[in-house]
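>>> Okay, sequence plus prediction incoming.
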Amino acid sequence: MKTTKQLLGGKFSIEMWEFGSGDPLLFVHGAGGLFGVDPFLEELGKTHKVYAPHFPGYGESTGSEHIDDVIDAALFYHELMDELKIPTANIVGHSMGGMLAAEIAALDNSRAKKLVLVAPAGFWLDEHPIPDLFAAKLDEIAPLMFHDPKSPMAQAFGAIPTDFKALEAMYVERVKRFSTASKFLWPIPDRGLKKRAYRIKSPTLVLWGASDKLIPPVYAKEFTKRIAGAKEQQIAEAGHMLPYEQQEAFCKAVNAFLK
Amino acid sequence: MKFTWFHLMPYRYLPEDFKEKYRSVWVDIPQNLYDPKVGHKLYNDYLDQLEFADHMGYDGLGINEHHQNAYGMMPSPNIMAASLARRTRNANIVVLGNSIALYNPPIRVAEEFAMLDVISGGRLVAGFPVGTSMDTNFCYGEIPATLREKYYEAHDLIVKAWKEKEMFSFNGKYTKLRYVNLWPKPIQQPHPPIWIPGGGSVETWDFCAKHDYNYSFLSYFGYIAGKKVADGYWEVMAKMGKPLNPYSMGFAQVVAVSETDEQAERDYAPHMDYFYNRCLHVYDGFADAPGYRTVKTIKAGILGQVGDQAALRREGLKWKDFLDQGYVIAGSPKTVRERLREAMKSLNCGHLMMLMQLGSMPPELVKKSTELFARECMPYLRDLWSDHEDKWSANPMPAAERAIPAPVQFELQLPKHTNGHARPNGANAETRSAK
């Protein structure tokens, strides 16, 4: 179900997907945003009440001009959670969303009942540089994001529309999304989480695709060593887009941890 | 009509197979392609060329800022301008310009431009580009989403620093300064003319119109394709009720003059090819970071200067196509002056930025073209727009009041010391003299 929420007297208008019922689960999407077809969210909706908002600047959500950095972003999510009357929820964040989910929990450690960080951004290791997604051409993205770039899903993901109108629309949407993401990720996706991560007190799962070529799994250690009690788990034959590429294994791991 | 001789200062010696072998002339070009000793020669050749243009009566000498590339080797154009301020006499020094969002704090630009204006006796034209995406986002790490906001704030600070007579505080989002107190101040009061170079962002038109700045469209597609952008600018000006004064617009155009049209092709065709296929060979991923251009500009359908689409449009073009499509205005003096008159009239443009050294073009050809144009073309085009007032050129001190730099004496002329007195730095006069 698609809903819209107004925040702070219309400063933000947030388009959101809601699925299922049960224990609340906030999904924080990555730099690419939600695709409109995100089956793992429906799957998680079988056991949880899933809230998957488009971040300001993504989809129909507005107000990105009020967000300059990760602190603004985390406080935006706090405000949204208050508005949704879920001051505490399970928080699952993917990629850039993992970085933001960690910030949400670090700034207020009562927010995350449990925290799942899925191939999160937020750190930089000189010996393991993260490829520059912003400089990647459209046809270079899918191979970075999937374990199997030849799979129909990866192919569909990397498909470039031949129709000019559709291409323009896709280009404009990409510009909107990535330019918002650039506030947290450009030029190096490190905004000081390493100073704040110790404040995360929630049970935390760090979930990674074993063949992630964008943010290599070695980054999981950066999270587990800074977040007390955090557990690491890898999913086989999954790249950076693991919730899409290995939906079943992904949902199983998330559900097992949240149970 | 006014003429600015504009130098990009390219590296002239990229290998033949550069385009095939490397993905980009900008940002990640391999460092081993640069030889500092070659660079030494090039900088000096290029400064000679600008000085010669001053000597030949060009109205302005143009330079600009780019980073990590072989297309234009001026990370700091102000260093070039400083040299020109001393070694030229008449021309405007058109620094087009400093990418002001990259200076921290941007007051540095107000200071350096003031220094240049003072040294040159008020000949500075101050350019404030946003800067290309390659330069600002990729080389200097600026966040695409906030680059323009930072740029506008830097502009406000710099202009205020020039205008204010007393110290003030500046509480910006990107720059906070308790004490802004400019020393020195520019000769030109309240400030040097401001030109805004643009590659076709629609916001830049509004900005120029609002502040009465010169809008300089730096395009490499030539005057025919450039007309769309020029028209867009004039439309904004008309809507805002501004006078359509041709001098409020500059336009960059590749110009090359030879004895005949046929000779022009023999002289310049290989160097054009070098420029379009090597100097502009920019990896598409670096051409336009997401958020660098606004959605409004993208939707206006204005093509970027570099990247795959721009390259595609130039793909397979031969000398004749470059001429026919207006990328290049070249030929005999007669051909060049006729086409330029037509071009500038169609654009309603009063400030022509002439790209006369292009790509691999060697000094002797640059000199020939520069001189032929000055003698055989410029006088025939001077009358164009003579009924309009040029309010966008520098307004220097009267020549008689301006300091004249002492001539350079390269030979060391200290008397020989034979009586055991100390010598400067213990140096031996004979070994120090230049051979």
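Arrived safely.
>>> Could you give me the buried positions within stretch B:160-172?
In terms of neighbour count (16 or more other C-beta atoms under 10 Å in any protein chain shown), stretch B:160-172 has its buried residues at B:160, B:161, B:162, B:170, B:172. Heads up, the C-betas are built off the backbone N, CA and C, glycines and all.
>>> Kindly indicate which of these lies nearest residue A:221.
residue B:172 (39.7 Å; C-beta to C-beta).
>>> and the closest one, how far is that from chain A?
Distance, residue B:172 to chain A, by C-beta to the nearest C-beta, to the nearest Å: 13 Å.
>>> picking that back up, switch the buried residues of stretch B:160-172 over to CSV; also include distance to residue B:75 and secondary structure.
CSV is the format used below for the buried residues of stretch B:160-172 (distance: C-beta to C-beta, whole Å; DSSP: H, G, I helix; E, B strand; the rest coil):
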residue, distance to residue B:75, secondary structure
B:160, 27, helix
B:161, 23, helix
B:162, 24, helix
B:170, 26, strand
B:172, 25, coil
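>>> can you name the two of those residues that are farthest apart?
B:162 and B:172, at 16.1 Å, using C-beta to C-beta across the buried residues of stretch B:160-172.
>>> What's opposite the closest residue to residue A:84 other than its chain neighbours in the beta bridge?
Among residues not flanking residue A:84 along the chain, residue A:51 sits closest, at 6.2 Å (C-beta to C-beta, 6 or more residues apart in numbering or on different chains). On the basis of DSSP bridges, residue A:51 is bridged to residue A:18, residue A:26.
>>> hmm, back to that, Throw the buried residues of stretch B:160-172 into CSV and include pLDDT, thanks.
Formatted as CSV, the buried residues of stretch B:160-172 follow (pLDDT from 0 to 100):
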residue, pLDDT
B:160, 98
B:161, 98
B:162, 98
B:170, 98
B:172, 98
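>>> Quick check: of those, which lies closest to residue B:331?
residue B:162 (42.8 Å).
>>> State the distance from that closest one to chain A.
With C-beta to the nearest C-beta as the criterion, residue B:162 and chain A are 28 Å apart.
>>> That residue reaches residue B:184, doesn't it?
No: between residue B:162 and residue B:184 there is no contact under C-beta atoms under 8 Å: 10.9 Å.
>>> contacting residues for residue B:142?
B:101, B:102, B:136, B:150 (C-beta atoms under 8 Å, 6 or more residues apart in numbering or on different chains).
>>> change it to 6 Å
Residues in contact with residue B:142, defined by C-beta atoms under 6 Å, 6 or more residues apart in numbering or on different chains, are residue B:136.
>>> And for residue B:223?
B:253, B:326, B:343, B:347.
>>> Show me the residues you listed that map onto strands.
Judged by DSSP state E, strands contain the following of the contacts of residue B:223: residue B:253.
>>> now, which of the contacts of residue B:223 sits nearest residue B:96?
Using C-beta to C-beta, residue B:253 is the member of these that lies nearest residue B:96, at 14.2 Å.
>>> What is the neighbour count of that closest one?
For residue B:253, the neighbour count with other C-beta atoms under 10 Å in any protein chain shown is 26.
>>> mind checking pLDDT for it?
Per-residue confidence (pLDDT) for residue B:253: 96.
>>> Then residue B:426?
47.
>>> which parts of stretch B:244-254 are buried?
B:245, B:246, B:247, B:248, B:249, B:250, B:251, B:252, B:253, B:254.
>>> Kindly check the end-to-end length of that stretch for me.
Stretch B:244-254 has an end-to-end distance of 24 Å (C-alpha to C-alpha, to the nearest Å).
>>> how far does that stretch sit from the chain's center?
Centroid displacement of stretch B:244-254 relative to its chain, using C-alpha atoms, centre = their mean, to the nearest Å, is 14 Å.
>>> Stretch B:374-394 now?
Centre-to-centre, stretch B:374-394 and its host chain are 19 Å apart (C-alpha atoms, centre = their mean).
>>> what comes into contact with it?
Residues contacting stretch B:374-394 (C-beta under 6 Å, 6+ apart): B:1, B:56-57, B:92, B:123, B:125, B:193, B:214, B:245-247, B:333, B:336-337, B:350.
>>> ok, so of those, who is nearest residue A:43?
Using C-beta to C-beta, the contacts of stretch B:374-394 come closest to residue A:43 at residue B:214, 59.4 Å.
>>> Please look at that closest one and residue B:245 and confirm they touch.
No: with contacts counted by C-beta atoms under 6 Å, residue B:214 stays clear of residue B:245, the gap being 9.7 Å.
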